[in-house]
Every structure is written in structure tokens, then in C-alpha cells.
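**Q** Everything below, folded, please.
(one chain, ligands or ions: 2)
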Amino acid sequence: MFVDRVRIKVTSGKGGNGCCSFRREAYVPLGGPNGGDGGDGGSVYFVAASRLSTLLDLRYHAHWVGKRGAHGQGKDRHGKNGADTYIEVPLGTVVHDFESGEILADLTTEGETWLAAPGGSGGRGNARFATATNRAPRFAEKGEPGAEREFLLELKLIADVGLVGLPNAGKSTLLATISAAKPKIGDYPFTTLTPNLGVVPLSDHRTLTVADIPGIIEGASEGKGLGHDFLRHIERTRVLLFLIDLGDDAPLDTVRILDEELRQYSEALSQRPRLYAFNKADIPENRECYQAFEGQRPQSAFLISAATSEGVRPLLEALWKMVDVDRREEQEAQVEIPTPQREYAFTPPFEVKRTPAGFRILGDKLRRAAAMTDFDNEEAVMHFQRRLEKMGVFKALKRMGAQPGQSVFIEEYEMEYKE
Ligand SMILES: Nc1nc2c(ncn2[C@@H]2O[C@H](COP(=O)(O)OP(=O)(O)OP(=O)(O)O)[C@@H](O)[C@H]2O)c(=O)[nH]1
Ligand SMILES: [Mg+2]
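**A** Ligands and ions are numbered 1, 2, ... in the order given. So this is what the prediction gives:
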């Protein structure tokens, strides 16, 4: 099965809690604080791996949870960081935000990684909160919860050459002849239902990747046959190879049909550089047919037999040349790309909203600080309030006319406003 779209949820590892402890030594009645920090939670990454060819594995593993950081311990022992998690995806995987559909990443080269969710920070131990005025803080921070995100992964094959042809033209046979791929071949239409990718070794450092897709028929744009939705798999190819069966009633009409269907699908794709290969030359009548329309053939036409590999070598060399030109152009184009001007938007550190029950304070930094606070610990709550004070939250509340006794919410935590 070929799976090319999958929804996936990722939760990074939670940070370990900071520790609250005090030195205990014989004959020393009041040791200082020595609670260590919690370890950071593991991040979750996507990584492109050429050994995969579909997103199938991810369909059965739809929620990934990162490793949590270990809690800090006494004697200033730092908790161990959670190991990062790498989710392998095939080359050509496009990562979309599930909600907005926005493209976030496009993983095209072996080993390319993208951070899907950063791990939560470890909480600080009480040793870190000792100050001149509070030498023995009796609280520590909790670990930061992991980040939770949802993505839509979409696989768009990346190949140098895309094969286009009617069913039975011999596309899969050609792929099997020129590469180590083993696509299904059959004497009936629509043998190929899902795309196949093959790597063609030409010489030393020269290789071509070729994508074999299902056959298109006249009217595919109206949904006939398998329709033409699968053509998106060759959207990212550099060159198209039209493969035509010389046994067709009128091979030149076949060219016209393919051309038209491609145009219906996408103008951009129909502009792609292309070559034509007329196949099944091992059958004598076919050779005669090819000779017969000599003057009417497209310019870049090749006579081949996918079955006996006659004429295949010159075809591959010609494909290579076109692919190479395209690669070079791309490289030159990349050099010229100017660095995009980033627009910086000012985001206030927090926002105060009036609600029927009192006030609600919103903001990432605050949410994080609240999540790391142990609200059962009076000192921890005081520490949290000092942070609010420093950030100017109380001033803002006062400006908005908060009265003593009114409720102030941060996430699910409720506090009472005091002067
Ligand atoms: N004689 C001869 N037969 C061929 C040649 N190439 C392919 N065939 C035969 O044509 C039939 C169709 O071949 P496939 O490779 O499955 O064709 P396809 O274009 O992949 O077809 P779909 O997957 O259905 O679109 C098979 O019976 C092949 O053996 C050739 O060069 N010569
Ligand atoms: Mg096929």
C-alpha cells in the first residue's frame, strides 16, 4: 500500500521537576538548599530517510510522545535530559500545520531534520532560588509540560524523470529494465495503482531517479480511469518522459491525448521539458509503423523496446542531459535568491482581559511560568507572584480598575487580587 497523506500528533517530552532539599550534615543544624534542577524533556524531530518510500508506518503510529526529563535530586544532582525522538519520514515529505494547512517544512534530502516540538525545560531546584533575603527557599519549579502539535504529512515524490503514458504502454516494464525497482507488470490496463520509484545508475556519479505512475486515459481530467489526481506525484520531477505503445491504433493520437490530459491537470506540468519514447520496437509491425510516420514525429523522439532494452541507453543519456541542465539552472537560481526581509511584529508579553468572573491574563510566558509553579506550596506561589509583579501584571490590573477580592485567572489557576 502506498500512503501519501497522514495526520500525526506530536507531544514533546515534559521537563523533570526541580528538587527541593537541604544539606544534612552531622553537627550542622541548618544546611543550605541543594535541590538539583530537573532534566529537559526530549524534543521531537522529523528526519528524512531514503530507506522509507511511504508514510504507511506513521498511519499505525499516529501520536508520538517525547521522552521526559528526569527529576532533579538532592545534593545538587541534575536530572537526566530526556533523549530526543526522531520520526523517520520518506524523502519528499511536506509538513503542514494540521489546522491552517500552512507548509512548515519540506524534507527533501537524506538526514534532513525539522524540529516538530521542542522539549519542555526542566524545573529549577531550590538551590537556584537562594537569595540574600531568602537563604532557604522551600520550593522548586515543576518541569515545563511538553509542547503538543498536530501536523498533516504529505508525500510528494521527488524524482528527476516522471513517466507519462496510457495504461499498458510499458512504463513499469521500462522502470524494471533500467533500475532495481520491481514494479508489477501486467498485460492489462491499470496494473500500476500506486507510484513506484527507481534509481537508475548511469555511470560513476551519475544517477537518475525515475517515477512510474498509473496510466492516464482520455477523459482522466473528468475522472475516467483512475482520474488524474496521482499526477501530483510527478509535479516535482524535472523532466517528463512520454511513453507510447507503437501497437496503439494511432500512436500520434496517443501523444495528443496525453498532452491534452496533462494540460487539463496543470499548465505548469505541461510546460515541463519532455522527451518521447515509442515503445515495443521488438515487434516488427511496430517498427514499420514508426517508419511510416517519420515526418510527423515529435522532434525528440526515441524508438525503444523496454522488454529487450534496445534503444534504451541513448534515451537515458538524453534524459540525463536534460536533467543536468535543469539541476544547474536550479543551482544558479538558488544563488540569486535574496534573503527574505523578516517582519518583526511586537507581541506584548501578556494581555489582560475582563471577564464576568473577574480578569483573565493571557500570554505564553505566563502560561509557562504558571505550569512550572507548584500552587500547593506557599513559597512557590509567592515566587510566582513576584514574577507577575516584575512583569507589570499587577499594575495593568490596577489600571483596568481591579478591586481587592476580585478573581484573576491564569490558565486554570485562580488568584485573588490584593492591593
Ligand atoms: N513486446 C513488448 N511488450 C512490452 C514491452 N514493454 C512492455 N510490454 C508489455 O506490455 C504490457 C504492459 O506493460 P506494463 O509495464 O505493465 O505497462 P504500464 O505502462 O506500466 O501499464 P499500467 O501500469 O497499467 O499503466 C506487459 O504485458 C508487458 O510485458 C516491449 O518493449 N515489448
Ligand atoms: Mg505500470
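**Q** just for the stretch 1-150 of the chain, where's the confidence low?
**A** Counting by pLDDT under 70, the stretch 1-150 of the chain has low-confidence residues at 1-3, 26-30.
**Q** Ignore what I typed, I meant the stretch 301-419 of the chain.
**A** Low-confidence segments of the stretch 301-419 of the chain (pLDDT under 70): 334-345, 347.
**Q** what does it put close to ligand 1?
**A** Contacts of the stretch 301-419 of the chain with ligand 1, taken as CB under 6 Å from any ligand atom, map to S305, A306, A307. No exception for glycine: its C-beta is placed from N, CA and C like everyone else's.
**Q** Are we agreed that the first one is in a strand?
**A** No - remark: S305 does not belong to a strand; assigned using DSSP: H, G, I helix; E, B strand; the rest coil, it is coil.
**Q** Would you map out the domains in this protein?
**A** Following automatic domain parsing, the chain resolves into domains at 1-156, 159-336, 351-416.
**Q** Export these as TSV, with columns for mean neighbour count.
**A** Below are those laid out as TSV (neighbours: other CB atoms under 10 Å):
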stretch	mean neighbour count
domain 1-156	19
domain 159-336	18
domain 351-416	15
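**Q** all helices for the stretch 51-200 of the chain, in order.
**A** All helices of the stretch 51-200 of the chain, identified by DSSP state H, counting those that start in this stretch, fall at 56-59, 171-178.
**Q** Quick one: closest of these to F139.
**A** Nearest of these to F139, taken as CB to CB: helix 56-59 at 41.4 Å.
**Q** roughly how far out does that closest one sit from the chain middle?
**A** Centroid displacement of helix 56-59 relative to its chain, using CA atoms, centre = their mean, to the nearest Å, is 14 Å.
**Q** Show the contacting residues for the residue in the stretch 251-400 of the chain that ligand 2 sits nearest to.
**A** Using CB to the ion, the closest approach of the stretch 251-400 of the chain to ligand 2 is made by A306 at 10.7 Å. If you count contacts by CB atoms under 8 Å, 6 or more residues apart in numbering, A306 has them with G170, T173, L174, T177, L243, N279, K280, V312.
**Q** Point me to the residue of the stretch 301-419 of the chain nearest ligand 1.
**A** Nearest residue of the stretch 301-419 of the chain to ligand 1 (CB to the nearest ligand atom) works out as A307 at 3.4 Å.
**Q** Past the helix or strand containing E332, which element shows up next along the chain?
**A** Per DSSP states H and E, E332 falls inside helix 312-336. Scanning forward in sequence from helix 312-336 by DSSP H and E, the next helix or strand is strand 351-355.
**Q** Show me what that next one is packed against.
**A** Contacts defined by 3 or more CB pairs under 8 Å, 6 or more residues apart in numbering; DSSP states H and E place strand 351-355 against strand 358-362, helix 393-399.
**Q** on contacts alone, who are the packing partners of the shortest one?
**A** Right, strand 358-362. Against strand 358-362 (3+ CB pairs under 8 Å, 6+ apart) you get strand 351-355, strand 407-410.
**Q** same check, this time on the longest one
**A** With contacts defined as 3+ CB pairs under 8 Å, 6+ apart, the secondary structure elements packing on helix 393-399 are strand 351-355.
**Q** Distance from the strand it packs on to the middle of the chain?
**A** On CA atoms, centre = their mean, the centre of strand 351-355 falls 36 Å from that of its chain.
**Q** cool, stretch 255-263 as well?
**A** 33 Å.
**Q** Next: stretch 216-234.
**A** Its chain's average C-alpha position is 26 Å from that of stretch 216-234, according to CA atoms, centre = their mean.
**Q** And ligand 2, is it touching that?
**A** No - applying CB under 5 Å from the ion, one finds stretch 216-234 out of contact with ligand 2, separated by at least 11.3 Å.
**Q** Next, the distance between the ends of that stretch.
**A** Stretch 216-234 has an end-to-end distance of 13 Å (criterion: CA to CA, to the nearest Å).
**Q** One more: stretch 396-410?
**A** End-to-end distance of stretch 396-410 (CA to CA): 14 Å.
**Q** At the geometric centre of this structure, which residue do we find?
**A** Closest residue to the average C-alpha location of the chain: V95 at 2.9 Å, with CA atoms, centre = their mean.
**Q** Help me confirm that M372 comes into contact with G122.
**A** No - counting by CB atoms under 8 Å, M372 does not reach G122; the two are 9.6 Å apart.
**Q** list the residues that contact both of those two?
**A** Counting by CB under 8 Å, 6+ apart, the shared contacts of M372 and G122 are G15, G143, E144.
**Q** got the contact list for the last one?
**A** Going back to what we said before, that points to E144. K14, G15, G41, G120, S121, G122, G123, R368, A371, M372.
**Q** ok, those residues vs ligand 2, which is closest?
**A** G41 (46.8 Å).
**Q** Would you mind naming what in the stretch 101-250 of the chain lies close to ligand 1?
**A** Checking the stretch 101-250 of the chain against ligand 1 by CB under 6 Å from any ligand atom, the hits are 165, 167-173, 185-187, 189-192, 214-215.
**Q** and the closest residue to A307 other than its chain neighbours, what does it touch?
**A** Distances taken as CB to CB, 6 or more residues apart in numbering put D282 closest to A307, at 5.7 Å, once the chain neighbours are dropped. By CB under 8 Å, 6+ apart, the residues touching D282 are S305, A307, T308, E310.
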